[in-house]
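Engineer: Let me see the structure of the following:
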Amino acid sequence: MSSQGYAFADVADVRERLRETGYLADEAIATTVFLADRLGKPLLVEGPAGVGKTELAKALTSAVGAELIRLQCYEGLDEARALYEWNYKKQLLRIQAAGAAPEAAPGPEGVAGGAPAGAGTWQQTHDDIFSEEFLLSRPLLTAIRRDEPTVLLIDETDKADVEVEGLLLEVLSDFQVTIPELGTVKATRRPFVILTSNATRELSEALKRRCLYLNLDYPSAAREKEIVLSRVPELPEKMAESLVRIVRALRAMELKKAPSIAETIDWGQTVLALGFDTMDDAAVTSTLGVVLKHASDQARAISQLKLGAN
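Structural biologist: Numbers count the residues shown, from 1 in each chain. Below is the predicted model:
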């Protein structure tokens, strides 16, 4: 992660330091993170929404004492929002203040038709308005230019247009950005790059070649219970088991949005705050909105779980 050394000593170090942040990584996650650090390659994390892809980037940031810079992808994202743009309003004000419009100037012997008056002034103004003062740095350029430890999160890459992937290739291949007016900006300290994808579309092979790949799915029941108890330690183990069992049953249904791991944790905090000592039908029904955010999903769950049928 830095020019001075690696962020992690070995795979066990990855697991331990992520655990200290509250993120329980299995062997596959820890190994892939370790390799991404050692090889200096971006890490593409793919999987359904709510399995902890973004949380991994946040935990990694905390584990290595870095700063998180996030590029949230969406349809219509362009270079100006991802890389950099010029502050056009400030540039216009600078031009107006300089009074740089060229006028006819006399020739060498006072004859009209010489070099335009203000030509030198205009060139100076042009150079001035395309300087650092007028540059608006966006997440990709900001991450490249930082000298301190940095984690660059390119979140939900699959939601961006295909053209954005071309923009990422230079950044992820050479860790540099070319600004025509200023030249090429190269990273002095490479950021740790994590790209996430919900697999709503296939990413290009060119982008994938530049990354290590990690597929995340919902954890096993035992691991999810361990995660819940690590985040809500006051929750009785039997309650955690009940919550995880119900959440897994919900995920097996055809829902608009399956419950995420974070929502399982929220549910644990909810039942603890309400003082429930068992997850009976009344407890599940009254708190179902914590994990299911669509009315149709709640209706389906109540029906298939037969809540209140007795």
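Engineer: how about the strands in the stretch 201-310 of the chain?
Structural biologist: Applying DSSP state E, counting those that start in this stretch to the stretch 201-310 of the chain gives strands spanning 212-215.
Engineer: Burial check on the residue nearest to residue 137 when sequence neighbours are not counted, number of neighbours?
Structural biologist: Leaving aside its sequence neighbours, residue 137 sits nearest to residue 84 (C-beta to C-beta, 6 or more residues apart in numbering; 5.5 Å). No exception for glycine: its C-beta is placed from N, CA and C like everyone else's. Burial of residue 84 is recorded as 19 neighbouring residues (other C-beta atoms under 10 Å).
Engineer: cool, and residue 208?
Structural biologist: Residue 208: 16 neighbours (other C-beta under 10 Å).
Engineer: which residues touch the nearest residue to it once chain neighbours are set aside?
Structural biologist: Ranked by C-beta to C-beta, 6+ apart and with sequence neighbours excluded, the top spatial neighbour of residue 208 is residue 44, at 6.5 Å. Listed by C-beta atoms under 8 Å, 6 or more residues apart in numbering, the contact set of residue 44 reads 157, 195-197, 203, 207-208, 211-214.
Engineer: and what of residue 254?
Structural biologist: Listed by C-beta under 8 Å, 6+ apart, the contact set of residue 254 reads residue 300.
Engineer: Numbering from 18 from now on, please.
Structural biologist: That works, and once the first residue is 18, the last one we named lands at residue 271.
Engineer: how much space between it and residue 314?
Structural biologist: Distance of residue 271 to residue 314, given as C-beta to C-beta, to the nearest Å: 9 Å.
Engineer: How about residue 213: what's its closest non-neighbour residue?
Structural biologist: Closest to residue 213 by C-beta to C-beta, 6+ apart is residue 70, at 4.1 Å.
Engineer: hang on, that neighbour packs against residue 77?
Structural biologist: No. Here residue 70 does not reach residue 77: they are 11.4 Å apart, not a contact under C-beta atoms under 8 Å.
Engineer: Those two: who's more crowded?
Structural biologist: Ranked by neighbour count (other C-beta under 10 Å), residue 70 and residue 77 place residue 77 first, with 28 against 23.
Engineer: give me every residue that touches the residue nearest to that one when sequence neighbours are not counted.
Structural biologist: Leaving aside its sequence neighbours, residue 77 sits nearest to residue 168 (C-beta to C-beta, 6+ apart; 5.7 Å). If you count contacts by C-beta under 8 Å, 6+ apart, residue 168 has them with 74, 77-78, 81, 83-86, 208-211.
Engineer: before we move on, back to that, tell me who's in contact with the residue nearest to residue 154.
Structural biologist: 152-155, 157-158, 194, 196 are the contacts of residue 101 under C-beta under 8 Å, 6+ apart.
Engineer: sorry, back to before: please report the distance of the residue nearest to residue 225 from residue 280.
Structural biologist: 24 Å.
Engineer: Could you report the pLDDT at residue 103?
Structural biologist: Residue 103 is assigned a predicted lDDT (pLDDT) of 89.
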